[in-house]
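Undergrad: What follows is a predicted structure for the sequence shown.
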2 protein chains.
Amino acid sequence: MSVEDGIDFAIIELFFFAYRDFTSDPDQILADYGFGRAHHRVLHFVNRRPGLTVAELLDVLKITKQSLARVLKQLIDTDHVVQLQGPRDRRQRELYPTAKGRALALALARPQSRRIHAALQDSGTTERTMVERFLEAMVNPELRAQIDVGSAKMSGKNHGEH
Amino acid sequence: MSVEDGIDFAIIELFFFAYRDFTSDPDQILADYGFGRAHHRVLHFVNRRPGLTVAELLDVLKITKQSLARVLKQLIDTDHVVQLQGPRDRRQRELYPTAKGRALALALARPQSRRIHAALQDSGTTERTMVERFLEAMVNPELRAQIDVGSAKMSGKNHGEH
DNA sequence: AGATTATGTCAGTACTATTGACGTAATTTC
DNA sequence: GAAATTACGTCAATAGTACTGACATAATCT
């Protein structure tokens, strides 16, 4: 039953292998840019939630300000992300992807998306929703608010080009 | 449908959050021992495949010998893992968990297993097999050989206490 | 005997992360 | 309006995990 001592070792291990290979695709591309996995995560969330603030980004990534600093600076210097002064609160910096940033985010997501679709087919899992629900249930309940299931929360700000 | 530009951003993101929280449970425990995630992975596979050699471990983890060295040495020094000279080939070092090592491996796996079971319940995924198959399909096909679905491959060696 | 294999180790480097401290500008509170 | 708080940036030091390259030793294979 691949469950020994009442522990689900099989899925624990599969999750490790799956995530390892899931991240290997973008890692290859990132290397060409001199970027790492941290850049990917920042770019992903800036692309997904354009206009999010630095504080919000830190909260999503669960890293410290100092860890973000270098990575974000590099993405800004290389013209993948821009910062705009927050309209209501001028202390805030709203983060937006540039066209270049969106292109890279898409290029990184493409192989991952392909892998997911292939996996759903291979495993005969016709209902994408099932996998979605399982993964969501794996997230700490108090942190599920961070998740954007359905369409991105375009809250009415200007999310166009900058 | 949470698919924009034909990219499955929803599952990409869920996978990130799910893995982040999935690893957070053992990370807390590991901190008490002065260990990191690398120690966990080594201990996990030594526990799952007792008697595996250093070369086999490197192949599973997909890291270099130098990266493994420090981590493995610490696990040996702290009496979580023991090395035995390979019976057929005396150059090889077979790795076995000690009772202490098995206890720690179990303590680390327990919260992860609990999370998985809770997720399966919450998401209404009655068939564990479906998730198992999906995760396995996410792994690079040429690397699926590494995976031990079903019971561990007790190949007939002595896997007892050492 | 010589080549190859399995493992260990030394040295140097890179990336991602941490804590702690300090500075600046903007907003909120009293 | 002065003081406290908030949002962000930055400097310095450290840790954990990974890498490449080089070299050593013992055991096995050719």
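TA: Cool, got the structure. Numbering: from 1, shown residues only, chains lettered A, B, ... in the order given.
Undergrad: Next up, phi/psi of the residue of chain A found nearest DNA strand C, please.
TA: Using CB to the nearest atom of the strand, the single residue of chain A nearest to DNA strand C is A:Gly36, 1.5 Å away. (Each C-beta comes from the backbone N, C-alpha and C, glycine too.) In terms of degrees, to the nearest 10, the main-chain angles of A:Gly36 are phi -120, psi -170.
Undergrad: For it, give its distance to chain B.
TA: 15 Å (CB to the nearest CB, to the nearest Å).
Undergrad: what about that residue, distance to A:Asp77?
TA: Distance of A:Gly36 to A:Asp77, computed by CB to CB, to the nearest Å: 15 Å.
Undergrad: Give me the more crowded residue out of those two.
TA: Between A:Gly36 and A:Asp77, counted using other CB atoms under 10 Å in any protein chain shown, A:Gly36 has the larger neighbour count: 13 against 9.
Undergrad: quick one: contacts for the closest residue to that one other than its chain neighbours?
TA: Spatial nearest neighbour of A:Gly36, excluding adjacent residues (CB to CB, 6 or more residues apart in numbering or on different chains): A:Leu30 at 6.2 Å. If you count contacts by CB atoms under 8 Å, 6 or more residues apart in numbering or on different chains, A:Leu30 has them with A:36-37, A:39-40, A:108.
Undergrad: Spell out which residues of chain A are next to DNA strand C.
TA: Residues of chain A found near DNA strand C (CB under 7 Å from any atom of the strand) are A:34-39, A:41, A:61-67, A:70-71, A:88-91.
Undergrad: what subset of those residues is also close to DNA strand D?
TA: Within the residues of chain A next to DNA strand C, those near DNA strand D by CB under 7 Å from any atom of the strand are A:65-66, A:89, A:91.
Undergrad: from these, which is closest to B:Thr98?
TA: Proximity of those to B:Thr98 (CB to CB) peaks at A:Gln66, which lies at 38.5 Å.
Undergrad: Around the closest one, count how many other residues there are.
TA: With other CB under 10 Å as criterion, A:Gln66 counts 7.
Undergrad: buried ones in the helix or strand encompassing it?
TA: Using DSSP states H and E, A:Gln66 maps to helix A:65-77. Under the neighbour-count criterion of 16 or more other CB atoms under 10 Å in any protein chain shown, helix A:65-77 has A:68, A:71-72, A:74-76 buried.
Undergrad: Then stretch A:18-32?
TA: Buried, per 16+ other CB under 10 Å, within stretch A:18-32: A:18-23, A:25-26, A:30.
Undergrad: what's the answer for stretch A:103-112, then?
TA: Those would be A:104-106, A:108-110, A:112, for stretch A:103-112 by 16+ other CB under 10 Å.
Undergrad: so A:Thr98 makes contact with A:Thr78?
TA: No. Counting by CB atoms under 8 Å, A:Thr98 stays clear of A:Thr78, with 9.6 Å between them.
Undergrad: Tell me the pLDDT of the closest residue in space to A:Arg133 that isn't next to it in sequence.
TA: Counting by CB to CB, 6+ apart, A:Arg133 lies nearest to B:Ser123, which is 3.8 Å off, once chain neighbours are set aside. pLDDT, B:Ser123: 90.
Undergrad: Same check on A:Phe134?
TA: For A:Phe134, pLDDT reads 95.
Undergrad: Give me the neighbour count for the residue nearest to A:Asp8 when sequence neighbours are not counted.
TA: What sits nearest to A:Asp8 in space, not counting adjacent residues and going by CB to CB, 6+ apart, is B:Ser113, at 4.4 Å. B:Ser113 has 20 neighbours, counted by other CB under 10 Å.
Undergrad: what does chain A put close to DNA strand D?
TA: So chain A meets DNA strand D at A:53-55, A:65-66, A:69, A:72-73, A:83, A:86, A:89, A:91-93 (CB under 7 Å from any atom of the strand).
Undergrad: Mind doing that once more with 10 Å?
TA: A:20, A:36, A:52-59, A:64-70, A:72-73, A:76, A:83, A:85-86, A:89-95 (CB under 10 Å from any atom of the strand).
Undergrad: Once you drop chain neighbours, what's closest to the closest residue to DNA strand D within chain A?
TA: When scored by CB to the nearest atom of the strand, chain A has A:Ala55 as its residue closest to DNA strand D, at 3.0 Å. The shortest distance from A:Ala55 to any residue other than its chain neighbours is 7.5 Å, reached at A:Gln92 (CB to CB, 6+ apart).
Undergrad: repeat for A:Phe17
TA: B:Val139 is the one closest to A:Phe17 (CB to CB, 6+ apart), at 4.6 Å.
Undergrad: can you give me phi and psi for the one you found?
TA: phi -80, psi 140.
Undergrad: how about the helices in chain A?
TA: Applying DSSP state H to chain A gives helices spanning A:9-33, A:37-48, A:54-61, A:65-77, A:99-122, A:128-138.
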